[in-house]
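Novice: predicted model follows, preceded by the sequence.
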Amino acid sequence: METAPGVVGLCDDVLVEILVRLPSKSVLRCRAVCKRWRRITTDGSFLAAHAAHAASCTREMIIRPGHVYDPSSLLAVETIRLSLDPRPRPIRFLCNRTHLMWCRVLYSLDGLLVLQPQPSRYIICNPMTRQSASLPPLAPQPCFTACACGFYLHGSSNEYRLLCHCLQGEAREHSYYILSTASTLPRRLGRAPTPADLPTSWVRYEVPVAHCGILHWFSLHPEATRTGKMLVFHTVSETFRLMLRPPERPGDATTSWSLFELDGELCIAAMQSETSLDIWVLQDYKAESWMLRHRVTMLGGSNAVTMTMVVSVGSGAILIGSRYCDVARLYNLKDKKTHKDVIFGPSLPTFLLFSESLVSHAFFDSPPHPGFESISFSPRRGGS
């Protein structure tokens, strides 16, 4: 029996193995080749496999405008690929934020971005599918003001949810609220702790690290100073608890701590200076037992690097830097040596990682909330 030559003669399983490795833009172009390719590349299992492959093989960091004032670039959301490859990587445009200059990119998860165009207003967008939707507004009712805490996928309902710490009512009561992609109204989760060392109107949370369906905040949360512990949030039961941090040794000169995930393990980098750090690994989650896994001593390079943040790049490599420094250092834990310096200038790193996804979401088809701020997926004239 004769078969068609070339790619046309390949079976569906082989085609999937080829197409799943293509970037999102190429997959979208492949849908126009023929009905068969369109059927394959729009199937839910293919889209999930494509997103998983992109997340495991490509690490991109969202960057933001730095010290160079360019009105066009201030609005752009862009990424740069993180790789051990010594060749320079081009900057990739994702979308333009709203016309409000201070609009912030808060979170990145499963190919989705959460943007804040106004106080207590939040937008979700997928730059690859060029879709955006608004979450239920919090202000002026039921909350006076709000601080976003974390963005997560609720496993049992398959809903993406935004957790917020809010000041509510005339008494300025601290409460947690949840904004869901499947709801038109915010939902009150319960009382939130009042910061012990800050004004009641000033609440801060760092971007949490997700591990095993649990969000973790290391030191920027209302109970950090009082307890000296991490705050964790179970995204299925939607409950909080406090968790032990690595022990601080007497005379420890640690200046910065950074929580991150490395090769499927929850880790904390304790930075003692501009050239050395310790990496602690959560050895036993139930017992909250930490173990010192790596002691990193880096030779100073030609560039000055501020060390406050660490993120995994894959293949045993970590990127060390700061949100306020346009140079970061790529260190290979396997080889135990500095690989190269990554220069972001004139942009600055956010330490928010982005991975492509073409998975469709029904909430993008819902009617927008009043006052929805639009997102542009085409570069502005003169921009990137």
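Specialist: It's in. Numbering: from 1, shown residues only.
Novice: C-alpha from now on. contacts and neighbour counts both.
Specialist: Fine.
Novice: where does the stretch 251-384 of the chain dip in pLDDT?
Specialist: Under the criterion pLDDT under 70, the flagged ranges of the stretch 251-384 of the chain are 251-254, 299-301, 380-384.
Novice: ranges for the strands of it?
Specialist: Using DSSP state E, counting those that start in this stretch, the strands of the stretch 251-384 of the chain run over 256-262, 265-271, 276-284, 289-297, 309-314, 317-321, 327-332, 337-343, 347-354.
Novice: to residue 138, which of those lies closest?
Specialist: strand 347-354 (24.5 Å; C-alpha to C-alpha).
Novice: just checking, residue 180 touches residue 157?
Specialist: No. Counting by C-alpha atoms under 8 Å, residue 180 does not reach residue 157; the two are 10.5 Å apart.
Novice: the more surrounded of these two?
Specialist: residue 180 (23 against 9; other C-alpha atoms under 10 Å).
Novice: count the neighbours of the closest residue to the more buried one other than its chain neighbours for me.
Specialist: Once flanking residues are discounted, residue 180 sits nearest to residue 161: 4.5 Å by C-alpha to C-alpha, 6 or more residues apart in numbering. For residue 161, the count of nearby residues is 19 (other C-alpha under 10 Å).
Novice: so what pLDDT did residue 155 get?
Specialist: As predicted, residue 155 sits at a pLDDT of 86.
Novice: show me what contacts it?
Specialist: 235, 236 (C-alpha atoms under 8 Å, 6 or more residues apart in numbering).
Novice: same check on residue 167?
Specialist: Taking C-alpha under 8 Å, 6+ apart as the test, what residue 167 contacts is 143, 144, 145, 146, 173, 174, 175, 201.
Novice: mind checking the end-to-end distance for stretch 170-184?
Specialist: Distance between the two ends of stretch 170-184: 24 Å, counting by C-alpha to C-alpha, to the nearest Å.
Novice: average pLDDT for it?
Specialist: 87.
Novice: ok, residue 346 touching residue 91?
Specialist: No. At 11.5 Å, residue 346 does not count as touching residue 91 under the criterion of C-alpha under 8 Å.
Novice: spatially central residue for this protein, please.
Specialist: What sits nearest the mean C-alpha location of the chain, by C-alpha atoms, centre = their mean, is residue 108, with 3.4 Å.
Novice: tell me the bridge partners for that residue.
Specialist: Taking DSSP bridges, one finds residue 113 as the beta-bridge partners of residue 108.
Novice: what sits against it?
Specialist: Per C-alpha under 8 Å, 6+ apart, neighbours of residue 108: 114, 352, 353, 354.
Novice: from residue 310, how far out is the second one?
Specialist: In this structure, residue 352 and residue 310 are separated by 11 Å, where distance is defined by C-alpha to C-alpha.
Novice: those two: who's more crowded?
Specialist: residue 310 (25 against 18).
Novice: for the contacts of residue 108, which one is nearest residue 265?
Specialist: residue 353 (16.9 Å).
Novice: any idea how far that closest one lies from residue 311?
Specialist: Residue 353 is 9 Å from residue 311, by C-alpha to C-alpha.
Novice: between the two, who's got more neighbours?
Specialist: Neighbours were counted for residue 353 and for residue 311 using other C-alpha under 10 Å; residue 353 has more, 25 against 21.
Novice: and the more buried one, what does it touch?
Specialist: Neighbours of residue 353 in contact, by C-alpha under 8 Å, 6+ apart: 59, 60, 61, 62, 108.
Novice: dump these to CSV, plus secondary structure.
Specialist: What follows is the contacts of residue 353, written out as CSV (DSSP: H, G, I helix; E, B strand; the rest coil):
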residue, secondary structure
59, strand
60, strand
61, strand
62, strand
108, strand
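Novice: want to throw these into JSON lines with distance to residue 373 and pLDDT?
Specialist: Output for the contacts of residue 353, formatted as JSON lines (distance: C-alpha to C-alpha, whole Å; pLDDT from 0 to 100):
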{"residue": "59", "distance to residue 373": "29", "pLDDT": "84"}
{"residue": "60", "distance to residue 373": "26", "pLDDT": "90"}
{"residue": "61", "distance to residue 373": "24", "pLDDT": "92"}
{"residue": "62", "distance to residue 373": "21", "pLDDT": "93"}
{"residue": "108", "distance to residue 373": "19", "pLDDT": "96"}
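Novice: Serialize those residues to JSON lines and add fields for distance to residue 30.
Specialist: Formatted as JSON lines, those follow (distance: C-alpha to C-alpha, whole Å):
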{"residue": "59", "distance to residue 30": "23"}
{"residue": "60", "distance to residue 30": "23"}
{"residue": "61", "distance to residue 30": "27"}
{"residue": "62", "distance to residue 30": "27"}
{"residue": "108", "distance to residue 30": "26"}
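Novice: out of those residues, who's the most crowded?
Specialist: residue 62 leads the contacts of residue 353 on contacts (other C-alpha under 10 Å) with 24 neighbours.
Novice: isn't that residue right next to residue 82, touching?
Specialist: No. Using C-alpha under 8 Å, residue 62 is not in contact with residue 82, being 10.4 Å away.
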